[in-house]
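Participant: Predicted model and sequence below, questions to follow.
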Amino acid sequence: MAGRRITSLTFTYLLLIVAFISFTFPFFLLIVNSFKRNGEILENPFSLPASLDFSHFGDVIEKMNFLVTFKNTFLITLLSVLFILLFSAMAAYYIVRNSTSFNRTFFAILVASMIIPFQSLMIPLIYIYGSKLNLIETVPTTLLIVLYIGFGSAFSVFIYHGFIKSIPLELEEASLIDGCTRRQTFFKIVYPMLSPTSSTIAILNVLWIWNDYLLPSLILTNEKNFTMPIKMKVFNGTYMNNWELLIPAILMTVLPILVAYLFGQRYIIKGVMQGAIK
Amino acid sequence: MLAEKKRLNRLGNQLFFTGPTMIAFTIALLIPFVYGFYLTLMKMATPVSPPAFSGFENYRAAFSDSQFWDSLWLTVKYTGATIVFVNAIGFALAYLVTMGIRSQNFFRTALFTPNLIGGLVLGYIWQFIFVQSLPAVGENLGIELLRLGWLGDEHLAFWALVIVTIWQSAGYMMIIFIAGLISVPKDIIEASTIDGANAWQRLTKMTLPLMVPSFVVTVFLTLKNAFIVYDINFSLTEGGPYNSTLMISMHIVQKAFMETNYGVGQSEAIILFAIVAIVTGVQVYFSKKMEVEA
């Protein structure tokens, strides 16, 4: 019996190690090849670098205009997520606590909208806000953030809605009797209680917006507004197959999110789990 | 229900709490969605020329666009392949990391990592692997299949896309399956063990039927993601070689923004929407029926 347990344990570890290698070797390749020159990369992509040559990172920072691109991505993600968290929680709270037929309909429309593929909206989006209203020319970043708030709201309201339903009414009633207004009750009593749900929603939205390509590539037409995925696309076009520049560029694009994951992995895994169960 | 006494008060709060979301939702989804139907009925020579009513002309053009049907069929094949592999591998991984081994949290964290990276950048990483790394391995070890450039071959390029999709999403599905596996009641598994069921029987007769709710979610997600795949497709193969990996989303983007044919592009996008809505609706309806109580 004990012998069988040990073989099955060995087998489990063996499978997991195979999975581990297949899921992480691309990162290994990224890291070792970031320090190599083209000749060395072509000769053997799997070998460790002969010397630690950091010079390509400097090149990439300059050629990608990395600091500006990073700042753009960071600001767009931050503002969109903050507004999604605030507005979705407010809407979900009011929909749950004032279950009028108008609010129930609004909620049903929000939930139903989640099956609309982005591809069915992008052409009218560009036509209305580009060709007609010219907002893509005048206020691209603001437009993009408003669109993210809109696209993010359905899922976020849905998750908040599920959580707020489970909060007992007594606390809010007590605070209303004590003379708080409806808005004070929400911001002082309800919103702080939502923070576990808020972190789930924040994580899922950050991952989406930070990595999103198609929508920003249609809205941001001026190079000074580019986000990291768009910049990466342009960079790849310019330095096609020039791996000694492309590899460090890819590594630098994914590094911010990998570092964030290193510190927040517990919350991120928990957040994804929570988001999926609902 | 915490309805306000005064009507004006209620209207004020309604606007205050739900107004911002309503405005953003209207701008991003409601207006474009409705306007999208209007666009399909209009004919425009260029995106800036005034639209003229053309009835169902665009839909007719979409239905007779053979590349549209080719890319749709390819997307269906891709969807089928990813649903099977992503779910099977995701479930197997979840099963392995919930068996109670000591380093299971480490494996969970590591296997989820590919999911943090966006499809576009992911495609570029794998371009390096398929173009540069695997051929090098094939050369050294004499493995013919690896030596070939996968992205340059019509059939292998399709499977390259499937592999990269598995690599990206299996970890995400694993997390959903872990949540499901944890909530499978221990006592009934123990009871079946005492009754003499072996590990395989426990898995197929007890665990899997109880996991149907998780599968409803994961199949829905893989289905929807596969139908609208764009980023990986665009960065890994750009639809090539010879349009052999051109999926439906990329076809629509090309139709609309390269050929600047908004009317036909939008008609095809509406057909895509209808297909996604029907297929996911049918999937959720039938798989909900398979759910059992512990």
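Facilitator: Done, it's in.

Participant: What helices and strands are in contact with the longest helix along chain B?
Facilitator: Longest helix in chain B by number of residues (criterion: DSSP state H): helix B:66-96. With contacts taken as 3 or more Cβ pairs under 8 Å, 6 or more residues apart in numbering or on different chains; DSSP states H and E, helix B:66-96 sits against helix A:2-33, helix B:154-182, helix B:212-227, helix B:248-253, helix B:262-289. All C-beta spots, glycine's among them, are computed from the backbone N, C-alpha and C.

Participant: for the last one, what is the average pLDDT?
Facilitator: It refers to helix B:262-289. Throughout helix B:262-289, pLDDT has a mean value of 90.

Participant: try the second one
Facilitator: Helix B:154-182 shows a mean pLDDT of 92.

Participant: Which stretches in the stretch 1-150 of chain A count as strands?
Facilitator: For the stretch 1-150 of chain A, applying DSSP state E, counting those that start in this stretch gives no strands.

Participant: Leaving out chain neighbours, which residue sits closest to the residue of the stretch 151-278 of chain A found nearest chain B?
Facilitator: Closest to chain B within the stretch 151-278 of chain A is residue A:211: 2.6 Å, counting by Cβ to the nearest Cβ. In space, and not counting its chain neighbours, residue A:211 is closest to residue B:118: 2.6 Å by Cβ to Cβ, 6 or more residues apart in numbering or on different chains.

Participant: Surely the one you found is in contact with residue A:214?
Facilitator: No - using Cβ atoms under 8 Å, residue B:118 makes no contact with residue A:214, being 10.5 Å away.

Participant: Domain map for chain B?
Facilitator: Following the assignment in automatic domain parsing, chain B carries domains at B:16-53, B:59-289.

Participant: tell me the centre residue of chain B?
Facilitator: Of all residues in chain B, the one closest to the mean position by Cα atoms, centre = their mean is residue B:225, 1.1 Å from it.

Participant: Pull the contacting residues for the closest residue to chain A within the stretch 51-200 of chain B.
Facilitator: Proximity of the stretch 51-200 of chain B to chain A (Cβ to the nearest Cβ) peaks at residue B:118, 2.6 Å away. Taking Cβ atoms under 8 Å, 6 or more residues apart in numbering or on different chains, we find residue B:118 in contact with A:210-213, A:229, B:231.

Participant: Now neighbour count too, for those, in CSV please.
Facilitator: Formatted as CSV, these follow (neighbours: other Cβ atoms under 10 Å in any protein chain shown):
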residue, neighbour count
A:210, 23
A:211, 24
A:212, 25
A:213, 22
A:229, 23
B:231, 23
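
Participant: sorry, back to before: quick check: what element follows the longest helix of chain B along the chain?
Facilitator: Counting by DSSP states H and E, the next helix or strand C-terminal to helix B:66-96 is helix B:104-112.

Participant: per-residue confidence averaged over that following helix?
Facilitator: Per-residue scores along helix B:104-112 average to 90.

Participant: Show residues contacting it.
Facilitator: A:16, A:19-20, A:23-24, A:265, A:268-269, A:272, B:93, B:96-98, B:170-172, B:174-175, B:178.

Participant: For it, which residues meet the burial criterion?
Facilitator: Of all the residues in helix B:104-112, those buried under the rule 16 or more other Cβ atoms under 10 Å in any protein chain shown are B:104, B:107-112.

Participant: Determine how far that helix lies from the middle of the whole chain.
Facilitator: Computed by Cα atoms, centre = their mean, to the nearest Å, the separation of helix B:104-112 from the middle of its chain amounts to 22 Å.

Participant: Past that helix, which element shows up next along the chain?
Facilitator: helix B:119-128.

Participant: Tell me the helices and strands packed up against the helix or strand just after that next one.
Facilitator: Taking DSSP H and E as the definition, the helix or strand that follows helix B:119-128 towards the C-terminus is helix B:134-141. Packing partners of helix B:134-141 (3+ Cβ pairs under 8 Å, 6+ apart): helix B:144-147.

Participant: what does the helix it packs on rub up against?
Facilitator: With Cβ under 8 Å, 6+ apart as the criterion, helix B:144-147 contacts B:134-135, B:137-139.

Participant: ranking those by neighbours, who comes first?
Facilitator: residue B:134 (21 neighbours; other Cβ atoms under 10 Å in any protein chain shown).

Participant: Setting aside sequence neighbours, what's the nearest residue to residue B:126?
Facilitator: Per Cβ to Cβ, 6+ apart, closest to residue B:126 is residue B:164, 4.8 Å.

Participant: Any stretches of chain A with poor pLDDT?
Facilitator: A:1-5, A:276-278 (pLDDT under 70).

Participant: now do 50
Facilitator: Along chain A, segments meeting pLDDT under 50 span A:1.

Participant: before we move on, back to that, in JSON lines, list the buried residues of helix B:104-112 along with distance to residue B:33.
Facilitator: Listed next are these as JSON lines, based on distance: Cβ to Cβ, whole Å:
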{"residue": "B:104", "distance to residue B:33": "44"}
{"residue": "B:107", "distance to residue B:33": "42"}
{"residue": "B:108", "distance to residue B:33": "38"}
{"residue": "B:109", "distance to residue B:33": "39"}
{"residue": "B:110", "distance to residue B:33": "40"}
{"residue": "B:111", "distance to residue B:33": "37"}
{"residue": "B:112", "distance to residue B:33": "33"}
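
Participant: Fine by me, thanks again.
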